[in-house]
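1. Predicted model follows, preceded by the sequence.
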Amino acid sequence: MSSSSGVFDFIRKQSPLFVNKLYGDQEGEGDVSQATWVCRGVLQSLCPLAKCFVMRLLFIDAPISSVDIFQWCEPDKKQEHDSAISELRQLRIFVDVEAPERSQAQRGELWFVLNKPFRESIKRSLVASTQPWEAPRTAVKTEDNQLDAPTPMIQDDLNEGVARKEEAAPSESELESYSCSRWNTVLQFLVTADLSLQVSPRVISYLLAAGLMQNLDEDGQGPPQKRLKSGRSRGKLSITASGYEYMLLDIQSQVWLFVLECLKTATDSQVDLLGLIFMLSFCTVGEGYPLAQLTAPQKLLLEDLVEMGLVYIPPSRQLFYPTRITINMLHIAPDLSAATSGGRVTRDNAMQSMSLTIIVETNFQVVAYVNSDLHLAMLSLFVDTRTMIRLPNMVMGNITRDSAKAAFRLGISAKQIIGFLVTHAHPLSMQSSPIIPENVSDQLKLWQAEKKRFVCQPALVVDLHDVAQGPYLVTLYDKLVAYARDLQVLVWANARLREFGVTPEGFPRVQAYAATLDAPH
């Protein structure tokens, strides 16, 4: 499971027609209003040098060569220049064109033009409002302010009367609490498969489709896709190795994998859904946005986000409130490698709201401040449960060789364990350098390296003693080994025994080559 793949990797894999429509190509029936926010988000994700290239070419329609662009860089920055150009081409911000007829093309020179839909959307974004749905949202606020008290009561969906004017917007702390509670419920269901938890059938179907859970028959076996139409299990649900790996990802990666499954099920409206994701990233926590401005597929995605605690919709269903996790969905997670090399990392409030803080000591003891069984289940993936001491709001345990190897057998890597410890490090530990003691992180990597001492690979062993003797045996052995090595099918060779092994796929070719060799008379 890749924790680094995100929305921009998803865009890179799409067709040019899809990307142009996402950028607001009106010929491809792109949505100009949402393309403004998509292109602004893509621009913000670029490296500084790539941003510079885009802004310099924003009002230039003519093609420009890579040689001319390199003139904007310092001579010793060739690698950074090539990396920026590659990034712009992959996202189809730069479109390759043929060299103009009058130009004298140099060797290796490429010509580009700024993608027209992207260029026009960026121009619009320069004069756009600071938040999406600004005009409709302002109109809703103005309408609410003009209501005279008292207002008639309206019946909401939760069997409770609420007046429109008196329905207060949730505070930031209330949204954080709501988001943390719902998201932890989803993760707890992933670990425990407790059907009494309030998890919707659609969320369960996403867990199954993503391979995070499997649906077992009564005998403990069966294909994961077997389930009722409602999404509930026919047999017993169980977390998979990928599910254990998923538990240790940072929260942005976890959320994106859920959204990716939503995108896969809506192939005809992926552009609309991506537009909504980008627009949500420019929202403000605690601000309400009009639900009526969304398309039908976007409303369906929003309902899924509500089930996961990523968006809050009040009973009146007039506005929706994105949580901090949703707004930060497109943000790249901090570089956790810095934590083990003397650097420091930062985390946002969404990380802190998960209420799990960990201190790792040099003697491999882990002290964790927890407030739910979910946190305990996450720690037990790599902490020895036999050494755990449970206190009202704290757990102490040790990372041992056996507990680490048990995690490795589940598909969890040492890098993911270290990243998890860094992500949930105690605020005092975050001030240390490095955050995780070096002897702990190094030992985890060494324990993982022990798995690579033996590599099992299928092979067919060739024994030449039955077909050759004496000097010819040596000559035949040397020729066949050299031929197998050239074909990259040689697995093992022993010159003393005059035996060697080749892959099953390569054996017929080696056998055919041996038949062409002349035997001594």
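-> On my side now, so go ahead.
2. Check which helices and strands whichever strand or helix holds residue 208 is in contact with.
-> Secondary structure assignment for residue 208, by DSSP states H and E: helix 201-209. Contacts defined by 3 or more C-beta pairs under 8 Å, 6 or more residues apart in numbering; DSSP states H and E place helix 201-209 against helix 172-192, strand 213-216, helix 251-264, helix 296-307. For the C-beta atoms, the positions are set from N, CA and C on the backbone; glycine is no exception.
3. Give me whichever of the ones you listed is most buried.
-> strand 213-216 (a mean of 22; mean count of other C-beta atoms under 10 Å).
4. Tell me the first helix or strand C-terminal of it.
-> Using DSSP H and E, the helix or strand that directly follows strand 213-216 along the chain is strand 236-239.
5. buried ones in that next one?
-> Under the neighbour-count criterion of 16 or more other C-beta atoms under 10 Å, strand 236-239 has 237, 239 buried.
6. do the same with stretch 409-429
-> Result for stretch 409-429 [16+ other C-beta under 10 Å]: buried residues 410, 412, 414-426, 429.
7. pLDDT of that stretch, averaged?
-> Across stretch 409-429, the average pLDDT comes to 89.
8. Kindly report the same for stretch 329-344.
-> 51.
9. Residue 60 versus residue 123, what's the distance?
-> Taken as C-beta to C-beta, to the nearest Å, the spacing of residue 123 relative to residue 60 amounts to 12 Å.
10. Compare those two and say which is more crowded by neighbours.
-> Higher neighbour count among residue 123 and residue 60: residue 123, with 14 against 11, using other C-beta atoms under 10 Å.
11. low-scoring stretches of the stretch 151-300 of the chain, by residue?
-> The stretch 151-300 of the chain contains residues with pLDDT under 70 at 151-167, 217-235.
12. Apply 90 and report the result again.
-> The stretch 151-300 of the chain contains residues with pLDDT under 90 at 151-169, 172-173, 176-177, 179-185, 187-188, 191-203, 206, 209-210, 214-269.
13. The stretch 1-150 of the chain now?
-> Applying pLDDT under 90 to the stretch 1-150 of the chain flags the ranges 1-9, 13, 25-33, 61-62, 65-68, 70-71, 73-78, 97-111, 126-150.
14. Between the helices and strands packed on helix 201-209, which one is closest to residue 379.
-> helix 172-192 (11.4 Å; C-beta to C-beta).
15. helices or strands next to the closest one in the packing?
-> If you count contacts as 3+ C-beta pairs under 8 Å, 6+ apart, helix 172-192 packs onto helix 201-209, helix 241-247, strand 311-312, helix 324-327, helix 349-352, helix 373-379.
16. Mind putting those into JSON lines with distance to residue 358?
-> Putting those into JSON lines (distance: least, C-beta to C-beta, whole Å) gives the following:
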{"stretch": "helix 201-209", "distance to residue 358": "26"}
{"stretch": "helix 241-247", "distance to residue 358": "14"}
{"stretch": "strand 311-312", "distance to residue 358": "29"}
{"stretch": "helix 324-327", "distance to residue 358": "20"}
{"stretch": "helix 349-352", "distance to residue 358": "12"}
{"stretch": "helix 373-379", "distance to residue 358": "8"}
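17. what about these, which gets the closest to residue 446?
-> That would be helix 241-247 among the helices and strands packed on helix 172-192, by C-beta to C-beta, at 20.5 Å.
18. which parts of that closest one are buried?
-> Neighbour counts over helix 241-247 (16+ other C-beta under 10 Å) mark 242, 243, 244, 245, 246, 247 as buried.
19. Next: stretch 387-406.
-> 388, 395, 396, 397, 399, 400, 403, 404, 406.
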